[in-house]
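A.B. asks: could you look at this predicted model? Sequence included:
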Amino acid sequence: MGQYLPILMLLVLAVVFAALSFFASRLLAPRRPTAAKSAPYECGIVPSREPPERFPVRFYLIAMIFIVFDIEIIFLYPYAVIHRELGGFGLVEMAVFVVAVFAAFVYLIANGALDWGPVKHLRRVDPRVSTSRTAATTVRRVGLEGREPETGEAA
Amino acid sequence: MTLGLLAQAGDGVAPIDTPGVAWSALSPILVLIGGAIVLLVVGALAPRRSRIGWHAMLTVAVAGGTIAAVVPLWDRVHDDGPYSAVASAVGVDGFSLFVTVVIAVAVAIAALLTDGYLRREGLEGPEPYVLMLLSAAGAVMMASANDLIVMFLGLEIMSIAVYVLAGLHLRRRRSGEAAVKYFVLGSFSSAFFLYGVALVYGATGSTNLVRIARFLAANTLADQGLLIAGFALLLVGFGFKVAAVPFHSWTPDVYQGSPSPIVAFMASGVKAGGFAGLLRVFVATFGTYRLDWQPVVYGIAVLSLVVGAVLAVVQTDVKRMLAYSSINHAGFILIGVQAATDEGVTAALFYLAAYTFMVAGAFGVVTVVGRRGDGHHHLDDYQGLARRQPLLALVFAIFLLAQAGVPLTSGFLAKFYVVEAAIEARSFWLALVAMVSAVVSAFLYLRIVLVMYAGAGDGADTDPAAGRPRLAVPAAAAIALVVAVAATIGIGLVPDPLTRTARDATPELVAASD
Amino acid sequence: MILAATPISASWYLGLSALLFTVGAVGLLVRRNPLVMFMCVELMLNAVNLTFVTFARELDDVGGQVVVFFVLVVAAAEVVIGLGIIVGILRRRPGATADDLSLLKG
């Protein structure tokens, strides 16, 4: 038990320090709010409504991939602990397992699921600006993108 | 905690007693999974669209390879008797091999149907085939599992892949809706199944079917509550997968919303996997307790027969009709399960094999008639089909009549064997209900056939279908339909080979020799 | 110290897991948000895990604990697939609940 005491102490210290600095800044800092200061941004357009919820799907994708690979590790830990005792059998079994996981990884890479950063494959927009294309129609088009009409039986 | 236990067990470098892995015993599963992985990797690196449709070809080849892998195992089982491998976790017996072949056939037919569908909808890619192969691997795993956990893994592999397949057509909202419904109810039932496994484990001290069977045969439990509750929960899990009646509510919605070729696989391959698990767990393992579970299965069978037949008749959407009729068929197969005899198992297996061709073929025609968008499934869309495309209508009529149980088709014999098994097991009332429900559901199939052949009026002017374009039947789908028709009629005329094979294919639980 | 005096027997754990399983099952049937329904499934699976661990301890058998690993992995796979399907739907129809999924009827 005694050997864990330093860790416990460190934990307590960390919590105390974080709490202290948090409350100290609140107590000590002068507080003179103005309308401009409490606005989300001090310059630019005042937001009139919440931005439409459009998280890039990429986030979900990364999260899902993470979950899968994270969980696969569950099988690697026990193996790592007793790989000596398992010998060649364990090695073969793990190789099979890792190959299967790796195949999924290759698939992900090949489909660009892990290409972080700006999307490269942008659809080429028709450079000719037509008269029918106004800001309003573009917005509407973007808003409806990927949705099927309410009444349509099929896309 | 497990880590600690394992580490203690292996103090020093004393080698752990590892089970021998007889790779040959696993070869059908390995072929399916290996094929899926190869298709996944190669498909990801190659262009998605191709003129020749090599994705489907490779899938059919993998299915063929699976069947080829079964042949030597079948011979070995025939000569040396069934055996069990990988520390008795996987059983190789006639039963598992028979179901493996049925599932492989279902995959091949569904893959051929999928090819044309994906091209029509502009959804080309390797993913559907990969998922189908993985799902089939899960179903095969269920059929050959000698351990409840292996069976659970098989069930999940099979189901999870099919959840995705149901939502394959992302642009169609119905497809997404079907996927969500299937997913939520499917995982709900999986949880029940797992809880059943846990309770059986608690009651018998093992998840291994061989050991459970031995334990149940040797001991009389003082308190059976845990075990019976486990039975009930397992039955709920299986009931969902095979779409039997109190647990059927997902079936019509999912069948209607999912892409039609996928439904062909769901109704054949997934159902075969579910029934294989049911037979293996209940008939083979819990056979000594049959007096406890038989009445429940009896009730489920009666409900499936009645509800499936009656509700099918009032539908107007052909896919929903076929969904209810598949519930009805599940009732028939449950009759074989309920008998819990070798005859019952044989009849159920025969039914599964025959039904695979009938239902996959029927949904194949539905795929073609659905046209672009996969939305033309109303009964009206079939009006006058016989006049426009007599061959297609004839093929559909054969599948429907076979499902109705008309003599000279495989469906008649399938129903006959099942009812015979019920009578031999002295379940006369069940046999009577089955026959009545067969008559009621025959009305449903005849209704579709009549619509196709009678159409509306005689003149081309009054025919609402006159202006419709001719339906294109893709070559791959045509092959699948021809094979299915040939099998349906062939089994009906010459049933002996299949009957004999099914008779050799009763599940036997054998402990591993090592 | 009263807690230490009362032995917590296996049946307590079994009862707790049965309770959790029921909470999950009822939640799945009652809640309308797909994501919450989904969490309920997870709750059910983890309740079963508790049962397995309890039995493994009672029977002094490692098998039950190993099962938990497999169930965890299956649960993760289910999460990923379920999230994928639900995100796919919500992208097209923000704020959809289970009641909105009513196209398929009859």
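C.D. replies: Sure, I can see it.

A.B. asks: okay, CA-based contacts and neighbour counts for the rest of this
C.D. replies: Will do.

A.B. asks: gap between the longest helix anywhere in chain B and the chain center?
C.D. replies: Ranked by residue count under DSSP state H, the longest helix found in chain B is helix B:173-204. Taking the mean of its C-alpha atoms, helix B:173-204 sits 16 Å from the chain's own mean (Cα atoms, centre = their mean, to the nearest Å).

A.B. asks: could you do stretch C:72-84 as well?
C.D. replies: 12 Å.

A.B. asks: how many residues are close by the closest residue to B:Ser206 other than its chain neighbours?
C.D. replies: Among residues not flanking B:Ser206 along the chain, B:Ile212 sits closest, at 6.2 Å (Cα to Cα, 6 or more residues apart in numbering or on different chains). As a burial measure, B:Ile212 scores 22 neighbours (other Cα atoms under 10 Å in any protein chain shown).

A.B. asks: what's the answer for B:Arg470, then?
C.D. replies: 13.

A.B. asks: go on, the one 3 residues further on?
C.D. replies: Other residues near B:Val473 number 20, with proximity taken as other Cα under 10 Å.

A.B. asks: surely it and B:Thr367 touch.
C.D. replies: No - using Cα atoms under 8 Å, B:Val473 is not in contact with B:Thr367; the gap is 9.4 Å.

A.B. asks: can you tell me which residues contact B:Ala178?
C.D. replies: B:166-167, B:253-258, C:104 (Cα atoms under 8 Å, 6 or more residues apart in numbering or on different chains).

A.B. asks: elements contacting the helix or strand just after the longest helix of chain B?
C.D. replies: Going down the chain from helix B:173-204, the next helix or strand is helix B:209-218, by DSSP states H and E. Where contact means 3 or more Cα pairs under 8 Å, 6 or more residues apart in numbering or on different chains; DSSP states H and E, helix B:209-218 is packed against helix B:173-204.

A.B. asks: still on that earlier bit, ok, the residue nearest to B:Ser206 touching B:Ala284?
C.D. replies: No - B:Ile212 is beyond contact range of B:Ala284, at 10.5 Å (criterion: Cα under 8 Å).

A.B. asks: okay, and the common contacts of those two?
C.D. replies: Joint contacts of B:Ile212 and B:Ala284 (Cα under 8 Å, 6+ apart) do not exist.

A.B. asks: what's the helix or strand for B:Ser84?
C.D. replies: strand B:83-85.

A.B. asks: neighbours of A:Phe69, just the number please.
C.D. replies: 15.

A.B. asks: for chain C, what are the nearby residues on chain A?
C.D. replies: Within chain A, the residues that sit near chain C (Cα under 8 Å from any Cα of the partner chain) are A:60, A:64-65, A:67-68, A:71-72, A:74-75, A:146-147.

A.B. asks: inside helices: which ones of those?
C.D. replies: If you go by DSSP H, those have A:60, A:64-65, A:67-68, A:71-72, A:74-75 in helices.

A.B. asks: list phi and psi for B:Pro507.
C.D. replies: phi -70, psi 140 (degrees, to the nearest 10).

A.B. asks: show me what contacts it?
C.D. replies: B:93-96, B:279-280, B:284.

A.B. asks: closest to B:Ala480 among the residues you listed?
C.D. replies: Set against B:Ala480, the nearest of those by Cα to Cα is B:Ser96 (24.4 Å).

A.B. asks: the residue lying closest to B:His78 once chain neighbours are set aside: what's it in contact with?
C.D. replies: Spatial nearest neighbour of B:His78, chain neighbours left out: B:Gly94 (7.8 Å); criterion: Cα to Cα, 6+ apart. Residues in contact with B:Gly94 (Cα under 8 Å, 6+ apart) are B:74, B:77-78, B:82, B:504-507.
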